[in-house]
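Engineer: the following block contains a protein sequence and its predicted model.
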Amino acid sequence: MGRLWGVDRVSMTVVVRFAPSPTGFLHIGGARTALFNWLYARHMGGKFLLRIEDTDRERSTQQAIDAIFQSLEWLGLTWDAEPVFQFARAPRHAEVAHQLVKEGKAYYCYCSAEELETMRQEAAAKGLPPRYNGFWRDRDPSLAPKGVKPVVRFRAPQSGTTVLDDCVQGRVEIPNEQLDDMILLRADGTPTYMLSVVVDDHDMGITHVIRGDDHLTNMFRQYHLYKACGWETPTFAHIPLIHGPDRAKLSKRHGALGAEQYQAMGFLPEAMLNYLMRLGWAHGDDEVISMKQATEWFDIHDVGRSPARFDMAKLTHLNALYLRQADPERLLKDIEPYLKQQATEEEWGVGRLRILKGMRGLQERAKTLVELREHALFYVKRPEFSADNADQAGTAVFRSEALMSLKELMNLIEKTPFIEPGSLEGTLRDFCRQTSKKLGAFLAPARLALTGATVSPSLFEVMILLGRTETLERLALYQDFLLSLTN
RNA sequence: GUUCCCAUCGUCUAGCGGUUAGGACAUCGCCCUUUCAAGGCGGCAACACGGGUUCGAGUCCCGUUGGGAACGCCA
């Protein structure tokens, strides 16, 4: 009785896993695979497990393991049991392989790397898929060359077809000639991926294998391995890969960055998750979807089969949206380390409070946390002026007008109490009306003076938060700067 | 080369035999506005091609083209 067509799915508790190999950071495709697994587990009230596939001792690093944990935690993709480290289970894998040999379902193969290479070339020359030709499959082991350590190969079916149902791909059929006798145990006795996955998925009680569709053909190999072991096959779901701008599988070449790098670029985890879940999956016209909502809606069967391309612009848009809605205190915490580092303790003392109060004005102008913290900097420390900065220095005409504006503005401020925001704004508007000046033009130099930039939150708000004294000081400072340029 | 998968605006997608082919991002206008954003309104923009099936096809079938993936003592 195969679970694939099982009778008992309703009462079955779903157990899924995310199984990255720690040979690098958690890249964006991996993050989405983890997300889909997580969502499906939560949706079904099942378990989401984590397995580190560290059997490649050469390439696995502790650093990568840490990065994967860190990224999953950042995204909030929490797992439900202690992670399984695959390498630690190698003895168990070997045990299974030897059992298969004993049962005649696997055999020793003594071919050298050169011989295999020749086989592949011969096969290719005949228009066949390059693979092992089963040289030792039925050969008498007594003919084995002396001193050669054999590998253990799986005795795969050589004819007929294998038909499997996949939650995403549907019914897929493959001729068994495509399946060669894969290696289960290397010459040094260590298990290969193909064996380890099957044994671990079985031992961990995995019910649904959700992974990238680059594993689709592995499903067929693994299926026969399950059968040979006499184990129930899990349900498979092969989700399409994320592609780069050139339509090829996303890789480092495309600047496929690790989740941690997106974090460093100032993306919010909720934006990342929202973006990722919409790659290959949709719920009608909904675009902004919370994890709570997604958990309710998500079904692995609704995932599409065509690959998606990664689009930074849309991610950025989503990020800006979540940034605008975020709680100011939380955002402050996010940007605090950077700001603190930029300022003295005193500056930070006053700046912190200004930013907290002015966060609303700040956050609706920033697309990322990096932008946010840069835009917030002027609340902490005075802008520095430089003659090289064309924006700040302006043309001669701008400078003479700016000096007049600054002077008038300082006069007005001296006369205006800063008690309530409206009073200052009212005074300035009245003044502009009476002198038929345009408020925007009138305020432009002040924006430079107070923030050092041509873009900032509402100047009325900025002035209130900076306070009368600081405002006047900054205006005077900029005035001096302009005068120094004029002379 | 062999096998498998895919194909709706530039991008992500909705569509599950009858739609003016919808939404979102991007882009371009206009409005709002102290700047910039945000927001509002609008524009541009897609069913790869060819055959069938059907009264009727983006939707079903076949083929073509194009793209992708897999073919390791990597995972």
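Structural biologist: Looks like it came in fine. A quick note: this is a predicted structure, and the numbers were derived from the prediction, not measured.
Engineer: the residue most distant from the middle of chain A, which is it?
Structural biologist: residue A:434 (55.1 Å; C-alpha atoms, centre = their mean).
Engineer: burial of the spatially closest residue to residue A:238 that is not a sequence neighbour, as a residue count?
Structural biologist: What sits nearest to residue A:238 in space, not counting adjacent residues and going by C-beta to C-beta, 6 or more residues apart in numbering, is residue A:213, at 4.0 Å. Yep, even glycine has a C-beta here, placed from its N, CA and C like the rest. Residue A:213 has 17 neighbouring residues, counting by other C-beta atoms under 10 Å.
Engineer: tell me the residues on the stretch 351-487 of chain A that lie near RNA strand B, please.
Structural biologist: Taking C-beta under 7 Å from any atom of the strand as the contact definition, the stretch 351-487 of chain A meets RNA strand B at A:364-365, A:425, A:439-440, A:443-444, A:447, A:454-461.
Engineer: show me those that map onto helices.
Structural biologist: Among those, the members falling in helices are A:425, A:439-440, A:443-444, A:447, A:459-461 (criterion: DSSP state H).
Engineer: quick revisit: quick check on the residues of the stretch 351-487 of chain A next to RNA strand B: which are buried?
Structural biologist: Taking 16 or more other C-beta atoms under 10 Å as the criterion, what is buried in these is A:425, A:443-444, A:447, A:456-457, A:459-461.
Engineer: got TSV for those residues, with pLDDT and distance to residue A:160 too?
Structural biologist: As requested, those are arranged in TSV below (pLDDT from 0 to 100; distance: C-beta to C-beta, whole Å):
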residue	pLDDT	distance to residue A:160
A:425	85	81
A:443	93	79
A:444	92	78
A:447	95	76
A:456	95	71
A:457	96	70
A:459	94	77
A:460	91	78
A:461	92	74
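Engineer: what's the separation between the residue nearest the centre of chain A and residue A:397?
Structural biologist: Taking C-alpha atoms, centre = their mean as the criterion, residue A:259 is the residue nearest the geometric centre of chain A, at 3.6 Å. Distance of residue A:259 to residue A:397, given as C-beta to C-beta, to the nearest Å: 50 Å.
Engineer: and if you look at residue A:412?
Structural biologist: Separation of residue A:412 from residue A:397 (C-beta to C-beta): 23 Å.
Engineer: higher neighbour count, those two?
Structural biologist: Counted by other C-beta under 10 Å, residue A:412 and residue A:397 do not tie: residue A:412 has more neighbours, with 14 against 8.
Engineer: what is the helix or strand where that one lies packed up against?
Structural biologist: The secondary structure element spanning residue A:412 is helix A:396-415 (assigned by DSSP states H and E). Identification of packing neighbours for helix A:396-415 by 3 or more C-beta pairs under 8 Å, 6 or more residues apart in numbering; DSSP states H and E yields helix A:421-434, helix A:439-451, helix A:459-486.
Engineer: just checking, residue A:17 is part of a strand?
Structural biologist: Yes: counting by DSSP: H, G, I helix; E, B strand; the rest coil, residue A:17 is part of a strand.
Engineer: which of the three states applies to the closest residue to it other than its chain neighbours?
Structural biologist: Nearest in space to residue A:17, with sequence neighbours left out and distances taken as C-beta to C-beta, 6+ apart, is residue A:49 at 4.2 Å. Under three-state DSSP, the three-state class of residue A:49 is strand.
Engineer: tell me the pLDDT of residue A:49.
Structural biologist: As predicted, residue A:49 sits at a pLDDT of 97.
Engineer: need the contact list for it.
Structural biologist: Remark: with contacts taken as C-beta atoms under 8 Å, 6 or more residues apart in numbering, residue A:49 is in contact with A:15-18, A:79-81, A:83-84, A:204, A:206.
Engineer: one more: residue A:204?
Structural biologist: Taking C-beta under 8 Å, 6+ apart, we find residue A:204 in contact with A:15, A:17, A:49, A:51, A:84.
Engineer: closest to residue A:276 among the residues you listed?
Structural biologist: The shortest gap between residue A:276 and any of these belongs to residue A:17, at 18.3 Å (C-beta to C-beta).
Engineer: surely the closest one touches residue A:51?
Structural biologist: Yes: Residue A:17 is within contact range of residue A:51, at 5.3 Å (criterion: C-beta atoms under 8 Å).
Engineer: which one's more surrounded, the two?
Structural biologist: For residue A:17 versus residue A:51, neighbours defined as other C-beta under 10 Å are more numerous around residue A:17 (29 against 22).
Engineer: which pLDDT value goes with that one?
Structural biologist: Reported pLDDT for residue A:17: 98.
Engineer: run through the residues that contact it.
Structural biologist: By C-beta under 8 Å, 6+ apart, residue A:17 lies in contact with A:37, A:48-51, A:201, A:204, A:206, A:209.
Engineer: phi first, then psi, for residue A:172.
Structural biologist: With angles defined as degrees, to the nearest 10, residue A:172 shows backbone torsions of phi -120, psi 140.
Engineer: which parts of chain A are strands?
Structural biologist: Counting by DSSP state E, chain A has strands at residues A:15-18, A:47-52, A:84-85, A:106-109, A:151-154, A:161-166, A:170-175, A:183-185, A:208-212, A:235-239, A:242-243, A:308-309.
Engineer: please identify the most buried of the ones you listed.
Structural biologist: The highest mean neighbour count among the strands of chain A belongs to strand A:15-18 (a mean of 26), with neighbours defined as mean count of other C-beta atoms under 10 Å.
Engineer: pull that one out as CSV, backbone CA atoms only.
Structural biologist: Written as CSV, here are the backbone C-alpha positions of strand A:15-18 (Å, rounded to 0.1, in the frame of the first residue of the first chain):
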residue,chain,number,x,y,z
VAL,A,15,5.6,16.1,8.5
VAL,A,16,7.7,18.1,6.1
ARG,A,17,11.3,19.1,6.2
PHE,A,18,13.7,21.7,4.8
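Engineer: that strand vs RNA strand B: in contact?
Structural biologist: No: Strand A:15-18 stays out of contact with RNA strand B when judged by C-beta under 7 Å from any atom of the strand, the minimum separation being 11.6 Å.
Engineer: stretch A:26-42 too?
Structural biologist: No: using C-beta under 7 Å from any atom of the strand, stretch A:26-42 never reaches RNA strand B; the gap is at least 10.0 Å.
Engineer: how about stretch A:153-163?
Structural biologist: No: contact check for stretch A:153-163 against RNA strand B, using C-beta under 7 Å from any atom of the strand: none in range, with a minimum separation of 8.1 Å.
Engineer: who's in contact with that stretch?
Structural biologist: Residues outside stretch A:153-163 that contact it (C-beta under 8 Å, 6+ apart): A:100, A:104-109, A:132, A:134, A:136-137, A:171-177, A:179-184, A:194, A:220-221, A:223-225, A:228.
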